[in-house]
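Student: Give me a 3D structure for the following:
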Amino acid sequence: MKKTIATLIAGLFATAAFAQTPAPAATTTTTATPSVAKTEANADVKAAKADAQAAKADAKEAKASAKHAMHRKHKAKHHAVKKEAAKDTTVAADTTAPVAK
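Tutor: From the prediction side, this is the model:
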């Protein structure tokens, strides 16, 4: 959860920094032919798909990490309870009255 919040905050800072930069100087533009425009559009679509796949993989990894962390927390709690129970039985066994001979 902390990673997610840190990522969101970093994204906000990056967005703010990008918004603050001045626009690049206007250059002379040439009209692109339809085939060049289509090629650029296809490249943009492929880049968007790659970004979507990367985001999906990151989300899957984050979900697995969270699941693993929850499992470790549960396991540690169970171990502590088990250790405490063993401690209680050891104390009970040690406090019995000595057997008279």
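
Student: longest single helix anywhere in this structure?
Tutor: For the chain, the longest helix by residue count, based on DSSP state H, is helix 34-94.

Student: Would you check how far apart A19 and K77 are?
Tutor: 46 Å (C-beta to C-beta, to the nearest Å). (Each C-beta comes from the backbone N, C-alpha and C, glycine too.)

Student: Of these two, which one has the most company?
Tutor: Neighbour tally, A19 and K77, criterion other C-beta atoms under 10 Å: the higher count belongs to K77, 10 against 7.

Student: follow-up on the earlier one: next one: the longest helix of the chain to chain centre, how far?
Tutor: Here helix 34-94 is found 7 Å from its chain centre; the criterion is C-alpha atoms, centre = their mean, to the nearest Å.

Student: now do stretch 11-20
Tutor: 21 Å.

Student: So, low pLDDT: which residues of this protein?
Tutor: Scanning the chain for pLDDT under 70 picks out 21-24, 26-32, 88-101.

Student: Give me the most central residue, it.
Tutor: A62 (3.6 Å; C-alpha atoms, centre = their mean).

Student: Count the neighbours of the closest residue to it other than its chain neighbours for me.
Tutor: In space, A62 comes closest to T4 once its chain neighbours are excluded; the distance is 6.8 Å by C-beta to C-beta, 6 or more residues apart in numbering. T4 is flanked by 11 other residues according to other C-beta under 10 Å.

Student: ok, T4 touching S65?
Tutor: No: counting by C-beta atoms under 8 Å, T4 stays clear of S65, with 10.4 Å between them.

Student: Spell out which residues are contacts of both of these two.
Tutor: By C-beta atoms under 8 Å, 6 or more residues apart in numbering, T4 and S65 have no common neighbours.

Student: picking that back up, distance of the residue nearest to A62 relative to A37?
Tutor: 38 Å.

Student: Equivalent analysis for K3, please.
Tutor: 40 Å.

Student: does A25 sit in a helix, a strand or a coil?
Tutor: Assigned by DSSP: H, G, I helix; E, B strand; the rest coil, the conformation of A25 is coil.

Student: Make residue 1 into 235 and carry on from there
Tutor: Sounds good: first residue 235 from here, last item A259.
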